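K.L.:
Turn this into a structure:
(one chain, ligands or ions: 2)
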Amino acid sequence: GIKKHILVIPGDGIGPEVTTWGKAVLEKIGQDFGHEFTFDEALMGHAGIEATGNPLPDETLAKAKASDAILFGAIGHIKYDNDPSAKVRPEQGLLKIRKELGLYANLRPIMLFDELLDASSLKPEILKGTDILFFRELTGDVYFGEKKRSEDRNTASDLMIYSRYEVERIAIKAYEAARVRGKRLCSVDKANVLEASRLWREVVQEIAKQYPDVETEHMFIDNAAMQLVKNPKKFDVVLTANLFGDILTDEASQIAGSMGMLASASVGDGTGFFEPIHGSAHDIAGQDKANPLASILSVALMLEISFGLKEEAKKITDAIDKALKDGYRTGDIADANTDKAKILGTTAMGQKVLEYL
Ligand code: IPM
Ligand code: MN
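P.N.:
Ligands and ions are numbered 1, 2, ... in the order given. As a prediction, the model looks like this:
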């Protein structure tokens with residue numbers, strides 16, 4: 001077996017509840033397959049601000065750099081959502097750790113469990129067979145460009161900025177993935193309007209020449225947002241910038257039935273970072289209602305991507321598949337046909353997955 005040290009950062013809202021089950025699944029896989037996983041925990045986001053005044057405490061960053069992989073929960077607090085003047089914000093912790101760890105590629109697979117076809121607001125026949133892997137650039141764009149506010153406070157700007165090497169490195173990752181998947185790559189930009197997008201398209205066109213076996217398509221973001229719900233099956237690998245990817249993957253989560261089902265992997269120069277794509281969901285925090293499956297699926301991604309443990313990862317997705325096939329649901333993925341007795345809370349769903357494992 002292998003020996004790995006995992007840093008768990010539960011974060012805010014439902015983060016602690018869902019990561020509990022991601023961690024429990026990791027422990028069980030370790031026991032069953034003879035791997036030694038050791039754990040540490042650290043604060044980030046609102047939890048970090050409360051304890052230290054810093055959304056990314058120094059200790060958390062040091063622990064993150066020293067770990068082999070990070071399991072993260074969620075970030076954010078309602079307190080800040082309606083207070084645009086707050087200078088210190090929970091989200092800064094997440095953005096800073098992405099930058100500090102060089103996590104420039106965010107992989108967001110849209111995995112579809114057949115049993116959940118009816119949980120989506122889209123028609124099952126449109127969804128069936130969809131399998132998309134998003135590559136969202138994660139350390140550039142308006143997220144990290146210079147932010148300005150005029151002295152009279154009446155004008156504001158965020159710089160959308162990309163450099164060639166930033167587009168190249170994520171394009172290469174996306175093409176490598178496309179090569180071993182459906183061999184189709186769709187690069188999404190707004191090159192008809194934005195200069196940063198024209199650089200993006202130029203670079204992707206160049207990289208494309210090194211991958212003649214992969215069919216490349218370029219699409220404008222507005223069109224892509226429409227195509228995604230019109231005919232999601234047409235997509236295989238989608239490559240896009242930070243802000244477009246943020247928006248497009250929330251939209252795509254509805255293909256999988258719920259945000260509560262989608263996991264993501266952020267990778268780059270060093271330690272991998274694994275988290276659900278959902279947020280802190282303060283409206284249901286602490287009520288044992290959150291869906292732990294995205295956190296558990298994030299662990300599956302960690303095993304596969306950071307540790308190369310494919311069999312272990314498959315064991316997890318199979319266990320989830322079985323639980324869903326037997327009719328078990330959390331509230332977010334239940335529908336009118338769900339057996340009421342099989343609608344589970346966070347704890348019961350987590351335990352169910354452990355049982356099926
Ligand atoms: C995400 C989140 C973050 C983002 C927020 C919390 C900063 O929405 O991971 O998608 O915008 O990247
Ligand atoms: Mn988002």
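
K.L.:
List, one by one, the residues from the stretch 51-200 of the chain near ligand 1.
P.N.:
75-76, 91, 94-95 (CB under 6 Å from any ligand atom). Where you see a C-beta, it was placed from the backbone N, CA and C, and this is true even at glycine.

K.L.:
Now name the helix or strand holding the closest residue to residue 41 other than its chain neighbours.
P.N.:
Excluding the flanking residues, the one nearest residue 41 by CB to CB, 6 or more residues apart in numbering is residue 8, at 5.0 Å. Using DSSP states H and E, residue 8 falls within strand 3-11.

K.L.:
Within the sheet, what are the partner strands of that strand, with directions?
P.N.:
strand 36-41 (parallel), strand 69-74 (parallel) (DSSP bridges).

K.L.:
Residue in the protein with the shortest distance to ligand 1?
P.N.:
Of all residues in the chain, residue 91 sits closest to ligand 1, at 4.0 Å by CB to the nearest ligand atom.

K.L.:
I figured that residue hits residue 55, correct?
P.N.:
Yes: Residue 91 is in contact with residue 55 according to CB atoms under 8 Å; the separation is 7.4 Å.

K.L.:
Give me the common contacts of these two.
P.N.:
Shared contacts of residue 91 and residue 55 (CB atoms under 8 Å, 6 or more residues apart in numbering): residue 45.

K.L.:
The two: which is more packed in?
P.N.:
residue 55 (27 against 17; other CB atoms under 10 Å).

K.L.:
Let's see the pLDDT reported for the more buried one.
P.N.:
With respect to pLDDT, residue 55 scores 98.

K.L.:
what separates the closest residue to it other than its chain neighbours from residue 49, distance-wise?
P.N.:
Excluding the flanking residues, the one nearest residue 55 by CB to CB, 6+ apart is residue 93, at 3.2 Å. Applying CB to CB, to the nearest Å, the value for residue 93 to residue 49 is 8 Å.

K.L.:
list residues touching both of the two?
P.N.:
In contact with both residue 93 and residue 49: residue 55, using CB under 8 Å, 6+ apart.

K.L.:
I'd assumed residue 216 was in a helix, is it?
P.N.:
No: read with DSSP: H, G, I helix; E, B strand; the rest coil, residue 216 is strand and lies in no helix.

K.L.:
neighbours around residue 350, how many?
P.N.:
Other residues close to residue 350 by other CB under 10 Å number 25.

K.L.:
tell me what the helix or strand containing it is packed against?
P.N.:
Assigned by DSSP H and E, residue 350 belongs to helix 346-356. Using 3 or more CB pairs under 8 Å, 6 or more residues apart in numbering; DSSP states H and E as the contact test, the elements touching helix 346-356 are helix 15-33, helix 293-305, helix 310-325.

K.L.:
So what's the gap between stretch 40-54 and the chain middle?
P.N.:
The chain centre lies 21 Å from the centre of stretch 40-54; the measure is CA atoms, centre = their mean, to the nearest Å.

K.L.:
With just CA atoms, put stretch 132-142 into CSV.
P.N.:
The C-alpha coordinates for stretch 132-142 follow below in CSV (Å, rounded to 0.1, in the frame of the first residue of the first chain):
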residue,chain,number,x,y,z
ILE,A,132,-18.2,16.2,-20.0
LEU,A,133,-14.9,17.1,-18.5
PHE,A,134,-14.4,20.8,-17.9
PHE,A,135,-10.9,22.3,-17.6
ARG,A,136,-11.4,25.7,-16.0
GLU,A,137,-8.3,27.9,-15.7
LEU,A,138,-8.1,28.8,-12.0
THR,A,139,-5.3,31.3,-11.2
GLY,A,140,-5.7,34.0,-13.8
ASP,A,141,-8.4,36.2,-15.5
VAL,A,142,-10.5,38.9,-13.7
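
K.L.:
Report the secondary structure state of the closest residue to residue 211 other than its chain neighbours.
P.N.:
Spatial nearest neighbour of residue 211, chain neighbours left out: residue 175 (4.5 Å); criterion: CB to CB, 6+ apart. Put simply, residue 175 is helix when judged by three-state DSSP.

K.L.:
Residue 175: what's it in contact with?
P.N.:
185, 207-208, 210-211, 214, 237.

K.L.:
what's the answer for residue 166, then?
P.N.:
104, 137, 139-140.

K.L.:
now, which of those residues lie within strands?
P.N.:
If you go by DSSP state E, the contacts of residue 166 have residue 137 in strands.

K.L.:
Now rank the contacts of residue 166 by neighbours and give me the top one.
P.N.:
Counting by other CB under 10 Å, top hit in the contacts of residue 166: residue 137 with 26 neighbours.

K.L.:
What residues are recorded as beta-bridge partners of that residue?
P.N.:
Going by DSSP bridges, residue 137 forms beta bridges with residue 105.
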